[in-house]
Structures are given as C-alpha cells and as structure tokens.
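Undergrad: Provide a 3D model corresponding to the input given below.
(chains A and B)
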Amino acid sequence: MYRYDEFDRKFLAERVAQYRDQVRRRLAGQLSEDEFRSLRLMNGLYLQLHAYMLRISIPYGTLSSAQLRGLAEVARRWDKGYGHFTTRQNIQFNWIKLEETPDILAHLAAVQLHGIQTSGNSFRNITTDPFAGVAGDEIEDPRPYCEIVRQWAALHPEFSFLPRKFKIAINAADADRAAVKIHDLGLYLRRSDRGEIGFAVTVGGGLGRTPILAQTVRDFVPRRELLAYISACLRVYNQYGRRDNLFKSRIKILVQALGIEKMRQEVEDEYAAMGDEREALALPDEAVAAMQAQFAPPAYADAAGDDAELAQAAASEPDFARWIERNTRPHKQAGHASVVISLKPVGRPTGDCSASQMRTVADLADELSFGEVRVTHDQNLVLPHVRKSALYDLWLRLGAGDLATPNIGLASDIIACPGLDYCGLATARSIPVAQALAVHLAGREAAIGPLQIKISGCINACGHHHVGHIGILGLEKNGAESYQITVGGSDGEQAALGGIIGPAVAAHEITATVDRLIDAYLRLRRDGEQFPDTYRRVGLAPFKEALYVAR
Amino acid sequence: MLLDRDGAFRADSWRHLADDEADDDGESVTISLRRWQAERERWQDRSTPLGLRLPNDVPPAAIGAAVDRFALIVLNFPRFVDGRAYSQARLLRGRLGFRGELRAAGNVLRDQLLFMARCGFDSFAVDAARARAEDWPRAFREFDLFYQPANDRRLPILSQRLRAWQGAAE
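TA: I've put the predicted structure just below:
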C-alpha cells in the first residue's frame, strides 16, 4: 500500500489549514455561500436535505486498517455512528456539522485520508479493480499508476475549474472490474508486442441523463507519456467543453458533438504541440519503479497445503460452503483467497457500515489480511489476502458482526444511491426499494444466479441503473414517485446500456415487475448465460411481452 | 486596484479602451481582440506600450507571433467557476512564449489566486478593500508543495523526490 512521505504529509497539512481558514472566513461572513460552495465541494462537503454530507476519498478503493479505524472514529464522534460506502469507492457521512469539518479533516489527515476533490468540477477519486494486485488475470498492478495520477490530479492549477466533474478509472486485467466505459476518461493497461507497458485511453463515458459509453481515443500511450497524454485530453475539454448548460457540460457531450474522429484529432494536435511540457510531465522509469515498490506484495506464508483443509471444512458445513462459493475470489498466491464482505445484509440499507463493523473489519484485516482492505464500486468491502486455512474462523467472526451475508453478485447484492432519504438531488427514494427487493428475492437468488440490480433515485444515476442487468430509476411524476425500469445493461468489458421496458411503474409494482422480468430471463436463458448475454441474444421484445401479457 | 503575485498592491497604470474610445499619445492602453483584428495596422506601430484583452473562448494560437507586440495581456474570468483562462495562460506562457505581464480580470477571488499564479499570471485585478480585509496576499503562500509542473518554475514533488533519490544513490 502507498504510505505518505514527508512531501505528502506536508501538502495535506497545508490543505487542512487552508480549508480551516476558508470555513473561518465563511462563518465570519467574508465569503458568500456561492463563493464558499465551490470551496467546500472541493473538500467533499455537500449540503443535503437534513445536514451536511462529507465525502471522504478512498483512493482507488484501498484502505489500511488504520485508515478504516480513522473512518470509524469519524462515524462515532462526528456522525450518527455509521458511514455509507459509494459506487465510486468513497465513503460518505450524512450528519455532519460545518463548523466541525476542519477538525474531522485534520483527524483524517493523521491517517493519510482527505476529502480533496470528492466533489466539484475537477478530477474525482481515481477508481480501479478492487482485486488489483491479487487478481490472476492482471497484466500488471494498476495501483502504482492510480497513485501517480492521483498525485498529479491533486489541486491541479489548470484543471480545478473544468466545465464539470471528471472521473478517471484504470483497469489492468482481462476482465473489466472498474466499469471503465462509464468514466469520463478510462485507462486500460496494456503490454505492447515489444513488451512495453502503456495504456489504451478512452474518453466520453458517463451516465446521468445522457448515458454514453466511452470510445477509444488512442490504442496505446506508453506509460512514460501517461500524464502528458491525459493533460492533452483535459486541455481540449477545459477549452471546448460546454459551460452554458450544466446538463451538457460533461466531456461525453463534447465527444458526441465533435464525433470521436474530430475529438481524437484535437487531442492529438494538442499532444503534438506540447513540446517541453511533455518532457516536464514524463514519467521516468525510476519514478514508476519507486511507486511500484510501495505496492510490493506482502510476505505471504507458504499456504500450499491450505486447500485440503478448506475443502474439509466446507464439506461439513453447507452455510460456510455457500459463503466460500459466493464471497471469495481466487488469488494469485497459492493457498490464499480474496474475501468480499457483504455490506448488503438482506433488508438493510445498501453500503452502510457502522463504526463497530468498521473496527471489526480493521481488526480482521490486521490479523488475517496484512492490514489491507478494499472498497468495491458495488459498495462492498474486500479483505484482499486471506489464507485459506483462516477462512472458517473469518467467516464465523464476520457472521457475528452481521458481515457474512453470502450474496455477492446475487439479486440481493443491490447497488443503490442514498436517494430521497438523504440526497438533495433525488426525486425518489432508493433505499426502501432496494430493501423490499432484497427481501423479496433473497429466497430464490441462488436459483437465479448472478444478477445485478442497480437503483438510482434520480436521473444523475449515482446508482448506475443504466448498466444494471435490471436497472431502476426513481422519478417524480405529479408529486408521486414512479420508477422506470431497464434491462440488459452491463458495466463489464462488454459494457452496454439497458433498454427501457415500458412506462414507469409505481413503487408498489416494482417487485412484481422485477419478478416477471426475472421469470422471463430464466425461461429464455441458455446454459451459462447471464442476464446481459440473454438480452443481447433475444433483444428487448420478449421482456416487454412478459410484462404486457401479465397486465 | 491590482495585486501582484509577490503580494504587493499597486494602482493600475493602464487605460482599458472601449472599442469606440480614442487613445491619447504616450499613454499605455489595452484594446479588445476585436479591435486589434480590425485595426491591426493602426496599432501595430504604436510606440507606447500596448495591451490586449483576450476573451476566454479564443485560443491563444489566434494571436500567433503577434504576441510579442503586447506588453500586457488581460485574461478574463467571467465567473470564478469558468476556468478556461487557466489553459489560455499556460498556452500563452508555455507555447507562445509570452514574456509580458499576464493579468487576471473579472471574478477574481482569493482562493483561486495561487492556481492562477501557478498558470503564469503576474497580476490580478481585485477589489482592494476586500483583498486587504481578507489578507489575499497570504493566499500565494498557503502551499509550499505542488504535485504538478506548471508555469511558475516551482519544482514539483516528483522532481524533488527524484533528486533526493539520486542524491541518496551517489
């Protein structure tokens, strides 16, 4: 894991001091709310329906146990005892007082965490595969590049007032576990025929009211040129992205307006003209090597014999076997596994985690996973390196903390935004819809198999509904909540936007509608197909028909 | 009133001509880009200092080699959240090699000053009373360390690290 050096520590201390002074000036009336708004947003502080919400950055979803304890302390001392993990691998605290935020950020700075650019029209948290560094299908660990980009993007002098927010994701494996194609800028790590490491660069992905998947702007940028090339993309966007209409200001709209050919030409022209600047931004091999050393694998035990022991434990305890099947993932190292901790106990708000649960996970990470924790974009946690012989003990202890629900990737592992229960932008509730669906589907989710249900409480699509196998979008019509349903979306390497199945339905009709869609899928699917595969093969019509016949 | 990047306040010695306003001999004036383009021959050989006001939706490349003609270029921030002039400043400095005074005007606020200075601005058109009351000069000193190379010749953190590692290796 990356540890701050004296430069990073001093930089963050300066940032906290600057923010403390900004809050002081706001409270003294020197700054108008309009002026202060963009400053607080640049530190992750939103004004929501009931209170301020503070969003803390979890860089590329990687946490140390000490950092998780730091977050637990924020939940306990300054919030109502819990936090909410988000689809961008961050955490949000929903009951914050403005005047306490400088102290909260100072407290978090001590564990090398911050709220820098978790909102505002600049670079947001860089996200990646939650199994980075341990997945078997990885070309190279993406985290050193995530950290390099994170540092470069922090308080960028030229790009802190972009037309709109800017999200970057990096994926380094065959499978895309970072939802790269729904990001403003995406980086797929590649190894060239000559063995050189570089990146395919995509631009213009995003959800919201105009969902668009990203397109490739360049097939291969050598890693040395990574920051220079990103700069060229950003400079084109900063100059030509629309600023007259909030809803048309993301880079995807610019790419759509120009077309990818013209966009590519603009970026390449800028890149070619950069000259000296390219040299100043070049990443020397020794800088990459030094960063890679920060992410060196931990000292794994020789655990080759663990598989037999695990098989024996699983054979005698079906519930444990189910959890192993659902909640663990293969690991590069023999005798080890990555464990996904479900933050979706059936019937509870998705992604919420109490202070005591955070401390439990931190303790388990110290004991069993080299002090490391990951946050996934589907709002769960991961202990990335657990010896297989320790899994049984881990399962029992997670269960005691209500953290062992065996539902990863299944129907009750729902992504949902906070919705109208918290969010000032929401037009409908998401949490109760997710709770009702999870309770309703939990009984048959094992028979259904992998299924991603994603729920957003407004058109901004924080719940990624467009790329859910089944997507649910909460709207407000004539003062009542209604829900538009899509099918067949996917956020993986074959990313696709779902198709709308018909008119929006009322909240009480959602479970019946989803049931019929699932029934249709089960009827239509061939061996080995997941929902998006079936949808790709049969199209929208059979799903529409299933609803029409029922009506 | 103007605030300089070194934190000093000074009066603005330039007159900013409207497009239909006549200039006096011997005074330093700025003109709009439109006027420069329409009356270029008239202004080209003027012997006293000339400044240009560049709107934030015009790429600096549009001025081209004529950039050397200007002793001052004024870039505009219509609203502080409109960040186009940051890129314009960097291109004027880095690509066109502009060596004159680069000034930020419009909705210029304290908490953007350091970003602007890093992008190559030298001076800032500010409300002096407010700028003094809120100690705006201190905004330039709120950070010692920066992660990016920019146009202020500060050594970015990565370069400082590389230097330290090389020192350790020798």
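
Undergrad: where exactly do the strands run in the stretch 151-300 of chain A?
TA: Applying DSSP state E, counting those that start in this stretch to the stretch 151-300 of chain A gives strands spanning A:168-171, A:185-191, A:197-203, A:215-222.

Undergrad: and these as a markdown table, adding mean neighbour count?
TA: In this view, the C-beta of every residue, glycine as well, is placed from N, C-alpha and C. Below are these laid out as a markdown table (neighbours: other C-beta atoms under 10 Å in any protein chain shown):
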| stretch | mean neighbour count |
| --- | --- |
| strand A:168-171 | 27 |
| strand A:185-191 | 22 |
| strand A:197-203 | 22 |
| strand A:215-222 | 18 |
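
Undergrad: closest to chain B out of those strands?
TA: Taking C-beta to the nearest C-beta, strand A:168-171 is the member of the strands of the stretch 151-300 of chain A nearest to chain B, at 15.0 Å.

Undergrad: ok, the closest one: who's next to it in the sheet?
TA: Strands flanking strand A:168-171 in the sheet, each with its direction: strand A:127-128 (parallel), strand A:185-191 (parallel) (DSSP bridges).

Undergrad: Just the CA trace of that strand, in PDB.
TA: The C-alpha trace of strand A:168-171 is given here as PDB (Å, rounded to 0.1, in the frame of the first residue of the first chain):
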ATOM      1  CA  ILE A 168     -11.000   8.500 -14.300                       C
ATOM      2  CA  ALA A 169     -10.900   4.700 -14.000                       C
ATOM      3  CA  ILE A 170      -8.000   2.400 -14.600                       C
ATOM      4  CA  ASN A 171      -8.300  -1.300 -15.300                       C
END
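
Undergrad: Would you mind pulling the contact partners of it?
TA: The contact list for strand A:168-171, computed with C-beta atoms under 8 Å, 6 or more residues apart in numbering or on different chains, reads A:60, A:123-124, A:126-129, A:142, A:145-146, A:149, A:153, A:177-180, A:183-189, A:199, A:230.

Undergrad: Next up, the contacts around the residue of the stretch 51-200 of chain A found nearest chain B.
TA: At 2.8 Å from chain B, residue A:161 is the closest residue in the stretch 51-200 of chain A, using C-beta to the nearest C-beta. Contacts of residue A:161 were listed using C-beta under 8 Å, 6+ apart, and they are A:121, A:122, B:80, B:81, B:82, B:83, B:86, B:112, B:115.

Undergrad: So what does residue B:88 look like in phi/psi?
TA: Recorded main-chain torsions at residue B:88 are phi -60, psi -40, according to degrees, to the nearest 10.

Undergrad: still on that earlier bit, make a ChimeraX selection of the buried ones in the contacts of strand A:168-171.
TA: Selecting only the buried members of the contacts of strand A:168-171 in ChimeraX, with burial defined as 16 or more other C-beta atoms under 10 Å in any protein chain shown, works like this:
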select /A:60,123,124,126,127,128,129,142,145,146,149,153,177,178,179,180,183,184,185,186,187,188,189,199,230
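
Undergrad: if we can go back for a sec, format the strands of the stretch 151-300 of chain A as CSV; extra columns: mean pLDDT and distance to residue A:476.
TA: Formatted as CSV, those follow (pLDDT from 0 to 100; distance: least, C-beta to C-beta, whole Å):
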stretch, mean pLDDT, distance to residue A:476
strand A:168-171, 98, 30
strand A:185-191, 98, 32
strand A:197-203, 98, 32
strand A:215-222, 98, 33
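
Undergrad: which stretch among the ones you listed comes nearest residue A:234?
TA: Using C-beta to C-beta as the criterion, the shortest distance between residue A:234 and these is 8.1 Å, found for strand A:185-191.

Undergrad: so where do the helices sit in chain B?
TA: Counting by DSSP state H, chain B has these helices, from start to end: B:33-38, B:40-44, B:84-94, B:113-118, B:128-133, B:157-169.

Undergrad: Next, give phi and psi for the closest residue to residue A:405 other than its chain neighbours.
TA: Once flanking residues are discounted, residue A:405 sits nearest to residue A:342: 4.1 Å by C-beta to C-beta, 6 or more residues apart in numbering or on different chains. When read as degrees, to the nearest 10, the backbone of residue A:342 gives phi -70, psi 130.

Undergrad: Contact partners for the residue of the stretch 451-551 of chain A found nearest chain B?
TA: Ranked by C-beta to the nearest C-beta, the top residue of the stretch 451-551 of chain A for proximity to chain B is residue A:460, at 18.7 Å. Contact criterion C-beta under 8 Å, 6+ apart gives A:207, A:208, A:209, A:425 as the residues in contact with residue A:460.

Undergrad: Distance of the nearest residue to residue A:118 once chain neighbours are set aside relative to residue B:114?
TA: For residue A:118, ignoring the flanking residues on the chain, the nearest one in space by C-beta to C-beta, 6+ apart is residue A:44 at 3.7 Å. Counting by C-beta to C-beta, to the nearest Å, the separation of residue A:44 from residue B:114 is 20 Å.

Undergrad: So which of these two has more stuff around it?
TA: residue A:44 (27 against 20; other C-beta atoms under 10 Å in any protein chain shown).

Undergrad: That one and chain B: what is the separation?
TA: Residue A:44 sits at a distance of 16 Å from chain B (criterion: C-beta to the nearest C-beta, to the nearest Å).

Undergrad: check contacts around that residue.
TA: With contact taken as C-beta under 8 Å, 6+ apart, residue A:44 is in contact with A:54, A:55, A:56, A:57, A:115, A:116, A:117, A:118, A:119.

Undergrad: Read off the pLDDT value for it.
TA: Residue A:44 is assigned 94 on the pLDDT scale.

Undergrad: Tell me, how many residues neighbour the residue in the stretch 201-350 of chain A that chain B sits nearest to?
TA: Checking the stretch 201-350 of chain A residue by residue against chain B with C-beta to the nearest C-beta singles out residue A:280 as nearest, at 4.0 Å. Residue crowding around residue A:280 was assessed by other C-beta under 10 Å; the count is 17.

Undergrad: Which residues are in contact with the closest residue to it other than its chain neighbours?
TA: Taking C-beta to C-beta, 6+ apart as the measure, residue A:280 lies nearest to residue B:149, with 4.0 Å between them; neighbours along the chain are not counted. Residue B:149 sits next to A:277, A:280, A:281, B:156, B:159 when contact means C-beta under 8 Å, 6+ apart.
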